[in-house]
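> The following block contains a protein sequence and its predicted model.
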Amino acid sequence: MARDNSYEAVMARNNEIMKKAVQIDYSIYETGKVSFDYEKMMKETGYTLEEIQVIQAQSSVGNTPLIELKNLTKLARKLAAPGYGAKIFIKDEASNPSGSFKARRAAVSVYHADKLGYEGVIAATSGNYGAAVASQAAMKGLKCIIVQEVYDSEGKGQPEIVEKGRKCEAYGAEVVQLTVGPELFYVFLRLLEETGYFNCSLYTPFAIAGIETLGYEIVEQVKQREGKPPTAIVVTHAGGGNLTGTARGVLKAGYPEVKIIGASVNLEGLHMASDHDFNRKSFTTGHTGFGVPFATWPDRADVPRNAARPLRYMDRYVTVTQGDVFFMTEALAQLEGIERGPAGNTSLAAAFAIAQEMKEDEILVVQETEYTGAGKHPTAQLTFARQQGVEVRTGDPADDKPGERIIIPEHPSMIKVKDLDLNRMRTSYIKNCIENFKADQLEEADLKFLAEDTKTDIDFVKSVLEEE
Amino acid sequence: MVQKGQWVEIHNIILKPSERAPQVPEDTKKVPLEMFVKGFLQHDAEIGDTVEIKTLTDRKVKGKLIRENPEHGHDFGKPIRELLEIGPKLRVLLKEGEDRG
């Protein structure tokens, strides 16, 4: 009998399809109404840091250079109060085989798929992860399909995503391209069912564990050069994996005191599933449209329990504007001689402002760079933005309005970070847990879990519950 | 005519506007969910015909033939004056020891 491939029928088979496609029984980690044993899941289904170092070394991933940004540090110090301006380093993740840190996640996921005997891999992503999976699959001789959201209803492709599609094809992957909409997941499920390939989800324990080496390397490299660990690390935050994996790597290196700062491009007011808004943003990742919902409800992911849990590790969450990031992308090229893609420079823009709040003897690390090219470039994005009717001008980035106006800062002193209220996000996460799991009476295990998952304590969790 | 074996792109409507997911915003609900896939054409055909292709993973997919030898049209766009001003400005700032502008 033919399978029912209607939207409702396929979505109803979600759990069954995912079980075959990732081979993890998430139910065995459940401990309460909302809680699950996160560390046990990471340990039993993932790999140790040492194992991952070996897996990544075999596929030429990781051990990327850590570059001191001497001129940007000097510039930040000129703008800061006397004695202020942390030394800024950048981890050049663009030197991974596929041009971004995503190679770390993909290396482990594809290794795992190969070990389990899958013929091919699939990933649903419009980001650098697609190229990373395609590149790793090419190395292992596995087939690869990447599903992308790339066009609006007029058939206009977002330049950055079009480029990422080209890159996937360059590695021999099949690229399935869709118009705007969350039903991408439906197409993804149908492809998993049709092919029986492994789901290289961004959110499995192995995909997250793959990033731990990044945090670990940063600490080791800074210690080696400066004789001490970094004061803080700025991580571009979207789905949460980058921040979670990096923070876990820092902890495994033995330095819980290193502050983990998440940074996203502010896209407030733009709806991520809107056909109209889709091409009015110049950043397709690293923005608040993913950063906020994935922090306040991580289990929205394609697997039942997301291994990326950013609020567990985040010490601070800031936003910058699209114009700030384009400015810093240009500054990185012009002052440091390093030309990289804009989305990856979100953390750089935030770091440039944050460094000015820090003392001169402190060290701030920008945790990634990404490759650049046609489409994935400030000139391509700004030309496209103008074609969509978005105003681009020089001025004060405080006048930024996502979807309407991109302001390129007139002076570097105008680049500021805006702090998001973490306690508000933590509260929202706890409320989402209760609502989505339909949990009325929480057990002791739940309270403990929610405290850990929000980096707070049981009293904080109780205070949120009492508000209800 | 597009010949068998040619690298082509096909198009399919996956969900009609009426079939779209409930959580989709109003503007997106008014348009279908469309899919584009590339592969090698399995038989001679005309643009607009329903055809079968073989993709890079050897999947056979059917759809409307829309493009022959589809190119990646993305580029670096036009020079952006607002960006061109940044480098010279920053070099002066670094050299002259100027503080807040």
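On my side now, so go ahead. Numbers count the residues shown, from 1 in each chain, chains lettered A, B, ... in the order given.

> OK, contacts around the residue of chain B found nearest chain A?
Here chain B gets closest to chain A at one residue, B:Gly77, 2.8 Å apart by C-beta to the nearest C-beta. Placement of C-beta: from N, CA and C, glycine included. B:Gly77 is in contact with A:159, A:377, A:379-384, counting by C-beta atoms under 8 Å, 6 or more residues apart in numbering or on different chains.

> The same query, at a cut-off of 7 Å, please.
A:379-380, A:382-384 (C-beta atoms under 7 Å, 6 or more residues apart in numbering or on different chains).

> ok, it to A:Val61 distance?
31 Å (C-beta to C-beta, to the nearest Å).

> ditto for B:Glu82
For B:Glu82 relative to A:Val61 (C-beta to C-beta), the value is 36 Å.

> Between these two, point out the one with more neighbours.
Just comparing B:Glu82 and A:Val61: by other C-beta atoms under 10 Å in any protein chain shown the higher neighbour count belongs to A:Val61, 30 against 21.

> Over to the more buried one. Which of the three states is it?
Following DSSP: H, G, I helix; E, B strand; the rest coil, A:Val61 is assigned to coil.

> these two touch, right, it and A:Ala103?
Yes. Contact criterion C-beta atoms under 7 Å: A:Val61 and A:Ala103 qualify, at 4.6 Å.

> who touches both of the two?
Common neighbours of A:Val61 and A:Ala103 (C-beta under 7 Å, 6+ apart) are A:96-97.

> Need the phi and psi values for the residue in the stretch 51-200 of chain A that chain B sits nearest to.
Taking C-beta to the nearest C-beta, chain B has its nearest neighbour within the stretch 51-200 of chain A at A:Ser153, 3.9 Å off. Dihedral angles of A:Ser153 (phi, psi; degrees, to the nearest 10) stand at phi -70, psi -10.

> cool, and A:Ile145?
Torsion angles, degrees, to the nearest 10, at A:Ile145: phi -120, psi 130.

> From what I see, it and A:Glu174 are in contact.
Yes. Here A:Ile145 lies in contact with A:Glu174, judged by C-beta under 7 Å, at a distance of 4.8 Å.

> higher neighbour count, the two?
A:Ile145 (30 against 25).

> Helix, strand or coil: sort out the spatially most central residue of chain A for me.
Among the residues of chain A, the one closest to the centroid is A:Ala238, at 4.0 Å (C-alpha atoms, centre = their mean). Assigned with three-state DSSP, A:Ala238 falls in the coil class.

> for A:Ala307, same thing?
Going by three-state DSSP: A:Ala307 is coil.

> Ok, B:Gly73 next?
Per three-state DSSP, B:Gly73 ends up coil.

> Tell me how many other residues surround it.
10.

> A:Gln388 touches A:Arg280, doesn't it?
Yes. Here A:Gln388 reaches A:Arg280: they are 5.4 Å apart, a contact under C-beta under 7 Å.

> Comparing these two, which residue is more hemmed in?
A direct count of neighbours by other C-beta under 10 Å for A:Gln388 and A:Arg280 places A:Arg280 higher, at 19 against 16.

> Can you give me the distance of that one to chain B?
According to C-beta to the nearest C-beta, to the nearest Å, A:Arg280 stands 12 Å off from chain B.

> Can you say which helix or strand has that residue in it?
Here A:Arg280, judged by DSSP states H and E, is contained in no helix and no strand.

> Any part of the worst-scoring helix or strand of chain B on mean pLDDT near chain A?
Counting by mean pLDDT, DSSP states H and E, the weakest-scoring helix or strand in chain B turns out to be helix B:86-96, with a mean of 93. Yes. Counting by C-beta under 7 Å from any C-beta of the partner chain, chain A is contacted by helix B:86-96 at B:86-87, B:90, B:93-94.

> ok, and the most crowded of these?
Neighbour max across these (other C-beta under 10 Å) = B:Ile86, 25 neighbours.

> Once you drop chain neighbours, what's closest to that residue?
With C-beta to C-beta, 6 or more residues apart in numbering or on different chains as the criterion, B:Ile86 has its nearest non-adjacent residue at 4.4 Å, and that residue is A:Glu330.

> about what we covered before: how about the contacts of B:Gly77 in TSV, adding distance to chain B?
Formatted as TSV, the contacts of B:Gly77 follow (distance: C-beta to the nearest C-beta, whole Å):
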residue	distance to chain B
A:Thr379	5
A:Ala380	4
A:Leu382	5
A:Thr383	3
A:Phe384	7
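
> what residues are up against the residue nearest the centre of chain B?
Closest to where the C-alpha atoms of chain B average out (C-alpha atoms, centre = their mean) is B:His72, at 7.8 Å. The contact partners of B:His72, taken as C-beta under 7 Å, 6+ apart, are A:162, A:166.

> Apply 10 Å and report the result again.
Counting by C-beta atoms under 10 Å, 6 or more residues apart in numbering or on different chains, B:His72 makes contact with A:157, A:162-163, A:165-167, A:169, A:374-375.

> Dump the longest helix that chain A contains to PDB, restricted to CA.
Under DSSP state H, the helix in chain A containing the largest number of residues is helix A:205-226. Only the C-alpha atoms of helix A:205-226 are listed here, as PDB (Å, rounded to 0.1, in the frame of the first residue of the first chain):
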ATOM      1  CA  PRO A 205      24.500  15.200  20.900                       C
ATOM      2  CA  PHE A 206      27.300  14.400  18.300                       C
ATOM      3  CA  ALA A 207      26.700  17.600  16.400                       C
ATOM      4  CA  ILE A 208      27.000  19.600  19.600                       C
ATOM      5  CA  ALA A 209      29.900  17.600  20.900                       C
ATOM      6  CA  GLY A 210      31.700  18.400  17.700                       C
ATOM      7  CA  ILE A 211      32.000  22.100  18.700                       C
ATOM      8  CA  GLU A 212      33.500  21.400  22.100                       C
ATOM      9  CA  THR A 213      36.900  21.200  20.500                       C
ATOM     10  CA  LEU A 214      36.500  24.800  19.400                       C
ATOM     11  CA  GLY A 215      36.100  26.100  23.000                       C
ATOM     12  CA  TYR A 216      38.800  23.800  24.200                       C
ATOM     13  CA  GLU A 217      41.300  25.000  21.500                       C
ATOM     14  CA  ILE A 218      40.500  28.700  22.300                       C
ATOM     15  CA  VAL A 219      41.500  28.200  25.900                       C
ATOM     16  CA  GLU A 220      44.600  26.200  25.100                       C
ATOM     17  CA  GLN A 221      45.800  28.600  22.400                       C
ATOM     18  CA  VAL A 222      45.200  31.700  24.500                       C
ATOM     19  CA  LYS A 223      47.000  30.100  27.500                       C
ATOM     20  CA  GLN A 224      49.900  29.200  25.300                       C
ATOM     21  CA  ARG A 225      50.300  32.800  23.900                       C
ATOM     22  CA  GLU A 226      49.300  34.900  26.900                       C
END
